[in-house]
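In: just to be clear, the model below is a prediction. Sequence and coordinates:
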Amino acid sequence: MKRYLAQSIRACTACKMHENCTAPFPGIGPSDTRIMIVGEAGGRNEDIVGLPFVGDSGEWLKRGLNANGLSQEECYVHNVNCCSGKATPTQRTTCADLFLFKTLVKVNPEFVLLVGGIALEAFFPTYKITQKRGQILTHKDYPDVYFFPVFHPAYLMRNASKVPFFYEDMEKFGKLVKKGVPKKTKVDYFACTDDEQAYESLNLFLKKDLLAFDIETTGLDPFANDSRVTMISFSAASNTAVTIPIRIAYT
Ligand code: URA
């Protein structure tokens, strides 16, 4: 299927972009990788070679990856636009719909490094790179993938003051790939329905060395004179908690 996608990319005439570049080119990388890199589009060098990130931007990317124990060769590298050159928003959407999203599903990575605002916006149209760079993002259509946006090297070459952010974010990305993201644990709640269950639970919790608790009260100010406790919850483990509803006597 990836080979079929690559053939469709090379033969694509869905918009006028192919007329102004040597030929559209597909992504490249191992098929069993944990990491996919998504860039914007190739430039002059990429157009000559027919491969993504082989010019100056590629050098920046390599430095950022290598400094954190990663290499470009171990990642699957793809662009939002498969033709080199500047695309219109519509051309980007067309190309992403035709090829990028399908490639992502085929590669099935754990992590996607989004290089620049265009790559970020292909997946998250309302997000801005200046606000989201260096953050782990999740997407409802790809629930098992962690997206991580960084500034585009071309932007860094025009804005030297932003360079430290790129290296800082790449370090964070390296750690993310090495350590992964802790899975959210499902918490089982046990709600006490009578005094005996509440008494037993409290006795158990009092024997623990470490406890977390949470108290719910009426009203917004828990310390107000008329505020009453309505529920107390305890937990001594990350996946279980006990709640004790408190009966309120209104006078
Ligand atoms: N080369 C690419 O392949 N993509 C970019 O976004 C920049 C350079």
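Out: Structure's in. What do you need? Numbers count the residues shown, from 1 in each chain.
In: just for the stretch 151-251 of the chain, where's the confidence low?
Out: Along the stretch 151-251 of the chain, segments meeting pLDDT under 70 span 248-251.
In: nearest residue to the middle of this structure?
Out: Nearest to the geometric centre of the chain sits Phe147, at 2.4 Å (C-alpha atoms, centre = their mean).
In: you'd agree that one is in a strand?
Out: Yes: assessed by DSSP: H, G, I helix; E, B strand; the rest coil, Phe147 belongs to a strand.
In: ok, for it, nearest residue in space, not its chain neighbours?
Out: Residue nearest to Phe147 in three dimensions, not counting chain neighbours: Leu137, with 4.2 Å by C-beta to C-beta, 6 or more residues apart in numbering. C-betas here are computed from N, CA, C, even on glycine.
In: ok, Val54 next?
Out: Nearest one to Val54, counting by C-beta to C-beta, 6+ apart, is Asn45 at 5.2 Å.
In: likewise Val107?
Out: Leaving out its chain neighbours, the residue that sits closest to Val107 by C-beta to C-beta, 6+ apart is Tyr76, at 4.7 Å.
In: ok now do that neighbour, which residues does it touch?
Out: 27-31, 33, 35-37, 103, 107, 109 (C-beta atoms under 8 Å, 6 or more residues apart in numbering).
In: narrow the residues you listed to just the buried residues.
Out: Buried members of these, counted by 16 or more other C-beta atoms under 10 Å: 27-29, 33, 35-37, 103, 107, 109.
In: tell me which of those residues fall in helices.
Out: 103, 107 (DSSP state H).
In: mind checking which of the buried ones among the contacts of Tyr76 land in strands?
Out: 35-37 (DSSP state E).
In: among these, which one lies nearest to Lys172?
Out: Ile35 (14.0 Å; C-beta to C-beta).
In: residues touching the closest one, list them.
Out: Taking C-beta under 8 Å, 6+ apart as the criterion, Ile35 is in contact with 70, 74-76, 109-113, 177.
In: just the buried residues out of these, in ChimeraX syntax.
Out: Per 16+ other C-beta under 10 Å, the buried members of these correspond to this ChimeraX selection:
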select :70,75,76,109,111,112,113,177
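In: as CSV, the contacts of Ile35 with distance to the ligand would be great.
Out: Shown next, in CSV, are these (distance: C-beta to the nearest ligand atom, whole Å):
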residue, distance to the ligand
Leu70, 17
Glu74, 17
Cys75, 12
Tyr76, 13
Pro109, 17
Glu110, 22
Phe111, 18
Val112, 14
Leu113, 11
Val177, 20
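In: that older thread, can you pull the phi/psi pair for the residue nearest to Val107?
Out: Torsion angles at Tyr76 (phi, psi; degrees, to the nearest 10) stand at phi -90, psi 120.
In: does it have beta-bridge partners, and which?
Out: Tyr76 forms beta bridges with Met36, as assigned by DSSP bridges.
In: okay, stretch 73-80 in CSV with CA atoms only?
Out: Only the C-alpha atoms of stretch 73-80 are listed here, as CSV (Å, rounded to 0.1, in the frame of the first residue of the first chain):
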residue,chain,number,x,y,z
GLU,A,73,17.4,7.7,8.9
GLU,A,74,15.5,6.0,11.7
CYS,A,75,12.4,8.3,11.0
TYR,A,76,9.9,8.3,8.2
VAL,A,77,10.1,11.7,6.7
HIS,A,78,7.2,13.2,4.7
ASN,A,79,6.0,16.7,3.7
VAL,A,80,2.6,18.2,3.8
